[in-house]
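In: predicted model, plus sequence, below.
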Amino acid sequence: MAVQLITNAAQSKLVRDKLTKWETTTSISEQQKDCVVDLATWSSIDEAIDLPSSDLISTNEDKDKSAVINNAQQFYEWFHSVERGMESDQESEYRDYINSLKEHHGRCKSVLNGISKALDHLRLLGNQYRTVSHTTEALHDSCELLMQDQQDLEQLGTSISQQLIYFTEHDRIGTKLNSSAISVMGEAFVPMLIKIDECVEFMKDHPEYKESAIYLAKYQQCLIRALTLLRSYIVNAIRSTSAAALSSLPGTGVVVLNDPSFAQLYSKFQSQGPRIKALMEQIEDRSEKNPEYLQVMQDCYTCYCYQRQSLILPIINQELERLYQLHDKDYCTFIRTSCMALIRICEDEHSLYHTFFSRSDLILQGLLESLSSQLYDYFRPMIIQQVQRFDLLADICSVLKNDIFDDHVNTKGECLEAFGHLALQMLEDAQERLSYRTQAYIQSDITNFLPSSGDLAYPSKLSEDLSNQYAMWYPTVRRSLICLSKLYRCTNRSVFESLAQECLAACIDSLKTATLSIVEKSSLIDSQLFLIKHLLIIREQIAPFDVNFSVNEVSLDFTNLKIAASSLMTNKNRILSLSSNNALLEFLFQGAPQLTKKVLDSKKDVDINLKEACTDFITTAATMLSSPIHAFLATIETSATPPTMEQCRNVVSETTQRISSKLPGIKKSMNLYLANPDTEAILFRPIRGQILNQFCNLRKVIDKMEEEDKFIINCPSPEQLTMTLAYN
């Protein structure tokens, strides 16, 4: 690269030297000089851009050295030769490229000719391939058609063979069934039974086949024959097992549930259960589709239940008789132990049944109900003829409801369903009998109660040192609350509400009757406090009962009947009238009794009577303490003359003396009867209020007098009265 630059610089220097020499010897114009300079400049630039090879430069240098430029003509010749040399040097590369392109073009033409020949050969091969492909497809379609025909024929043959089996199986099955060596427990019996079912089903599904009806009848005969063998085997097995179990019982015939001999009645059956259950499952699975199987299943169930009933029923009767004699007069214990014995038997029978059979049936429920019903034969006469006391009936109901139903029947489900029906019937009978005896008890011991002198010995009875607080209660109250507490645990809600309303109403009436006797023997204050005390006890004791003490009482109102009958007698002349004013028709339409409904709420009755009793006591006590003021004020209202100072002083003095003398007694009585400071304070508050109101009214009269008279009267102030009437 450095050699080339040195050569270019030397050449440019040579050109400039020649031009300077030429300018000194030749006269040219300024325009020509400029052209020469431009040409020199262009030549130097061109050579700097694209310098020729060293050989070419040396040739040009040689030419330049040999060229002599003396005039313009020589210069132009020299310039033209230089220009031609430069053009030749510039075009040589393109000429070489053109020659190369021509060479490639020739080669491409030869390649295209080869491609054209190859395409011609490919077209020929394609036409030949399509011809072969069409021929092959036709051959393939023909083969596929033949293969399909072959498959159809094979399927048809297989189908005919499969369906023909249902016709040819009859002879083989008939031979087996008629053989004396056939055994129900053999391995081939169950598959043969399945095959008979399949054949019967096939004949029913294809009635269009030739002789299908004939073969259906043949297979049904085979099925009946097979089921007869099966039923005979199962029934005979159950009977033989029952006979073996019966022979294991002691010779006396007396069996107790806890004896080992009683367990033999179950162990011998349990040993046969799995073998028979395997056969019964075949029958039970087909019983819903085939009536023959259903009939055989029912026969087996009936045979089993009959054999079990014949074994267990006498033992149950013996056990119930033994328990009845053992628990003579102890009815609750007898019922509890009898029910527990039957519950155990029902559970064992239910478990044993399912070792033989997979399905529960109504026949099983019938067996369990027949076993359980033996207790009902003892229970029904007992509660009607022997148990007359309502408390014993309540205890019996409690045993059935709590000990039997809640603890066993409701928790053990299906196995005690039949016994549950019996227990429910017993409970309903006992509750019905309890309701009747309770009404009789209310009538005899509460409504018609005749108190003794000791029962009415109030308040002295309250002063006795009794360890039992219930002994201080009036007998009808004690009996009523005991009755309600027993009924609440053993009766349903509606029955309890009805009996509770009747019981409380009778109790309140008996208390009111007792107050009349206490008034005569003691005092009005004692009778009123007696009523308040026991009404408070009743309200407190019935509060825990989670029921509504209300019932709807429905009655007939015959008021319209009386009016209509009177109108009929008045209008006798219109009885046979044919008009709308017929008296007989009016009687029939207007005289019909009216249905009336009334809500009886015993809890509300207790509150109402308690409120009335408290009001009466408050009025009585306030009147007892402030009656002089009340009478004096009433006299003033009717008198035209104003009261005198002396009259007012006497009234104030008498009233304050009465309060001082009688108030401690009233407080003592309240404490004796109520024995609750809070209740006593609440009850005394309105008494104090009424007394204060009486003194307030009296003070209004006294305020109209002179100050000296007021001082002499000495009426206590409200503050003094409040302190005097304070309940400590």
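Out: Happy to help now that I have it.
In: the strands in the chain, which residues?
Out: 550-557, 594-601 (DSSP state E).
In: where among those strands is the average confidence lowest?
Out: Comparing mean pLDDT across the strands of the chain, the weakest is strand 550-557, with a mean of 53.
In: what's the first-to-last distance across stretch 397-408?
Out: For stretch 397-408, the first-to-last residue distance is 15 Å (C-alpha to C-alpha, to the nearest Å).
In: typed the wrong thing, it's stretch 455-462
Out: 11 Å.
In: buried stuff in it?
Out: 456-459, 462 (16 or more other C-beta atoms under 10 Å). Heads up, the C-betas are built off the backbone N, CA and C, glycines and all.
In: so how many other residues sit close to the residue lying closest to Arg685 once chain neighbours are set aside?
Out: Nearest residue to Arg685, sequence neighbours excluded (C-beta to C-beta, 6 or more residues apart in numbering): Tyr727, at 7.9 Å. When neighbours are defined as other C-beta atoms under 10 Å, Tyr727 has 16 of them.
In: what residues are up against Tyr727?
Out: When contacts are counted by C-beta atoms under 8 Å, 6 or more residues apart in numbering, Tyr727 touches 667, 680-681, 684-685, 688.
In: which of those are buried? Put it as a ChimeraX command.
Out: Buried subset of the contacts of Tyr727, written as a ChimeraX selection, criterion 16+ other C-beta under 10 Å:
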select :680,684,688
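In: which members of the contacts of Tyr727 define the maximum pairwise distance?
Out: Spanning the widest gap among those are Lys667 and Arg685, at 12.9 Å by C-beta to C-beta.
In: for Val15, give me the pLDDT.
Out: Predicted confidence (pLDDT) for Val15: 53.
In: likewise the one 5 residues further on?
Out: Note for Thr20: predicted pLDDT of 60.
In: just Leu229 next, same as before
Out: Predicted confidence (pLDDT) for Leu229: 89.
In: ok, and the closest non-adjacent residue to it?
Out: That would be Val184: by C-beta to C-beta, 6+ apart, it lies 5.7 Å from Leu229.
In: same check, this time on Phe75
Out: Ile69 (5.0 Å).
In: isn't the one you found up against Ser81?
Out: No. At 11.5 Å, Ile69 does not count as touching Ser81 under the criterion of C-beta atoms under 8 Å.
In: who's more crowded, the two?
Out: Between Ile69 and Ser81, counted using other C-beta under 10 Å, Ile69 has the larger neighbour count: 18 against 13.
In: how near is the more buried one to Trp78?
Out: Applying C-beta to C-beta, to the nearest Å, the value for Ile69 to Trp78 is 6 Å.
In: also Ala188?
Out: With C-beta to C-beta as the criterion, Ala188 and Trp78 are 133 Å apart.
In: what's the neighbour count on Gly413?
Out: Neighbours of Gly413 (other C-beta under 10 Å): 10.
In: hang on, isn't the residue nearest to Leu229 packed against Leu230?
Out: Yes. The pair Val184 / Leu230 is scored as a contact, 5.6 Å apart, by C-beta under 8 Å.
In: show me which of these two is the more surrounded one.
Out: Leu230 (21 against 16).
In: I figured that one was touching Val296, is that so?
Out: Yes. With contact defined as C-beta under 8 Å, Leu230 counts as touching Val296 (6.6 Å).
In: name the residues contacting each of the two.
Out: Ile283.
In: how many neighbours does Pro314 have?
Out: 15.
In: got it, and the one 3 residues further on?
Out: Other residues near Asn317 come to 13 when the count uses other C-beta under 10 Å.
In: tell me the contacts of the nearest residue to Cys507 once chain neighbours are set aside?
Out: Ranked by C-beta to C-beta, 6+ apart and with sequence neighbours excluded, the top spatial neighbour of Cys507 is Ser480, at 4.0 Å. By C-beta under 8 Å, 6+ apart, the contact set of Ser480 is 446, 503-504, 506-507, 538.
In: show the pLDDT at Leu5.
Out: 39.
In: find the nearest non-adjacent residue to Glu288, please.
Out: Leu294 (7.5 Å).
In: touching, the one you found and Cys300? I think so.
Out: No. Using C-beta under 8 Å as the test, Leu294 is too far from Cys300 to be in contact (10.9 Å).
In: which one's more surrounded, these two?
Out: When Leu294 and Cys300 are compared on other C-beta under 10 Å, the one with more neighbours turns out to be Cys300, at 24 against 15.
In: next one: that one from Val111, what distance?
Out: 100 Å.
In: helices of the stretch 1-150 of the chain, residue ranges please.
Out: Secondary structure of the stretch 1-150 of the chain (DSSP state H, counting those that start in this stretch): helices at 2-25, 30-49, 54-66, 72-177.
In: can you flag the weakest of the ones you listed by average pLDDT?
Out: helix 54-66 (a mean of 45).
In: tell me how many other residues surround Lys401.
Out: 19.
In: now it: closest residue in space that isn't a chain neighbour?
Out: The shortest distance from Lys401 to any residue other than its chain neighbours is 5.4 Å, reached at Cys490 (C-beta to C-beta, 6+ apart).
In: look up the pLDDT of Asn582 for me, please.
Out: Looking at Asn582, the pLDDT reads 63.
In: quick one: contacts for the nearest residue to Tyr673 once chain neighbours are set aside?
Out: Spatial nearest neighbour of Tyr673, excluding adjacent residues (C-beta to C-beta, 6+ apart): Leu529 at 3.9 Å. By C-beta under 8 Å, 6+ apart, the contact list for Leu529 reads 459, 617, 669-670, 672-674.
In: so which of the residues you listed are in helices?
Out: 617, 669-670, 672-674 (DSSP state H).
In: which one of these sits closest to Glu288?
Out: Leu674 (74.8 Å).
In: so what sits against both of Val184 and Leu230?
Out: Joint contacts of Val184 and Leu230 (C-beta under 8 Å, 6+ apart) are Leu279.
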